[in-house]
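1. For reference, the sequence and a predicted model appear below.
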Amino acid sequence: MKKGSPSAAEEHKAGWGRRIGHHLKAKMVAGLLVVIPVGVTIFILRFLFNLADGVLAPYIHRAAVFLFGEQGRYIPGLGMFAGVLVIYLTGLVASNVLGRRLVDTWDRVLSRIPLVKSIYTSSKQLISVLSPGARESFRRAVYVEFPKEDTFSIAFITNAVPSASGKTYYTVFIPTSPNPTSGYVLILEEHKVYPTEYSVEEAMKVIMSGGIVVPREIVAQKLQ
């Protein structure tokens, strides 16, 4: 054995050390991939709960003190329940003729206030896109070649238009990402529209996430 060269025992020990290091690293990464999404989900849900609960909580607490004196105690979650009730009653009012007129007047007022206008209008457009009525207008999610050949975009079929020659044309809407409230409308022949295997909701997740959330497998005849 040459002087200064590691012995077999030392090499074996170093090998064990590397294996333990790789094992710990792999398991820590695998654990983080599970713990971080769960932690972020819990954090966001807790934040939303506290936000929703905190909006009406002070008023409910004051009402309890007024009605029952200092013995009135606030129950956590009561503010959130009250918020859900307010949303339901608002929807009930907005569903009748007088309520719709009030909502239209409110829209016009907010649409004329600087800064408030951009925030309110964008929020309303986003909610309208995600509403059940808007999703029903999207018949199904498809792929189309856009903006050039051999590049594909997710689109939604909104209508089918027959031509005098007997061909079928589809009107498709291509939303922009990550804000799907704007986009492009194309009229394409039937054979230029390629079906997908996921729902309108799943396709919308892909668009709104900027492509971070994608299906496990892209299924379309043109893309194989």
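-> Right, received. Where do you want to start?
2. Any regions of the protein where pLDDT drops low?
-> Low-confidence segments of the chain, defined by pLDDT under 70: 1-14, 33-34, 37, 67-76, 125-137, 215-224.
3. partners of the nearest residue to residue 190 once chain neighbours are set aside in the sheet?
-> Leaving out its chain neighbours, the residue that sits closest to residue 190 by Cβ to Cβ, 6 or more residues apart in numbering is residue 168, at 4.5 Å. Yep, even glycine has a C-beta here, placed from its N, CA and C like the rest. Counting by DSSP bridges, residue 168 forms beta bridges with residue 162.
4. any idea how far residue 61 is from residue 168?
-> For residue 168, the distance to residue 61 (Cβ to Cβ, to the nearest Å) stands at 62 Å.
5. which of those two has more neighbours?
-> Between residue 168 and residue 61, residue 61 has the larger neighbour count (other Cβ atoms under 10 Å), namely 16 against 12.
6. What separation do you get for the residue lying closest to residue 111 once chain neighbours are set aside and residue 106?
-> Leaving out its chain neighbours, the residue that sits closest to residue 111 by Cβ to Cβ, 6+ apart is residue 117, at 5.4 Å. From residue 117 across to residue 106, the span is 13 Å (Cβ to Cβ).
7. How about residue 48?
-> When residue 48 is compared with residue 106 (using Cβ to Cβ), they lie 25 Å apart.
8. to the chain's geometric centre, what's the distance from stretch 143-161?
-> Averaging C-alpha positions (Cα atoms, centre = their mean, to the nearest Å) puts stretch 143-161 22 Å from its chain's average.
9. Need the distance between the two termini of it.
-> For stretch 143-161, the separation between the terminal residues is 18 Å (Cα to Cα, to the nearest Å).
10. neighbouring contacts of it?
-> Applying Cβ atoms under 8 Å, 6 or more residues apart in numbering, the contact partners of stretch 143-161 are 137-142, 168-175, 184-188, 192-196, 200, 203, 206-207, 220, 222-223.
11. buried subset of those?
-> For the contacts of stretch 143-161, a neighbour count by 16 or more other Cβ atoms under 10 Å gives the buried set as 138, 141-142, 169-170, 172-175, 186, 188, 192-194, 196, 200, 203, 206-207.
12. what's the host helix or strand of residue 61 packed up against?
-> Taking DSSP states H and E as the criterion, residue 61 maps to helix 8-68. If you count contacts as 3 or more Cβ pairs under 8 Å, 6 or more residues apart in numbering; DSSP states H and E, helix 8-68 packs onto helix 78-94.
13. one step back: and the residue nearest to residue 190, how close does it get to residue 160?
-> 6 Å.
14. Mutual contacts of the two, please.
-> With Cβ under 8 Å, 6+ apart, residue 168 and residue 160 have no common neighbours.
15. now residue 160, what's its secondary structure?
-> What DSSP: H, G, I helix; E, B strand; the rest coil gives for residue 160 is strand.
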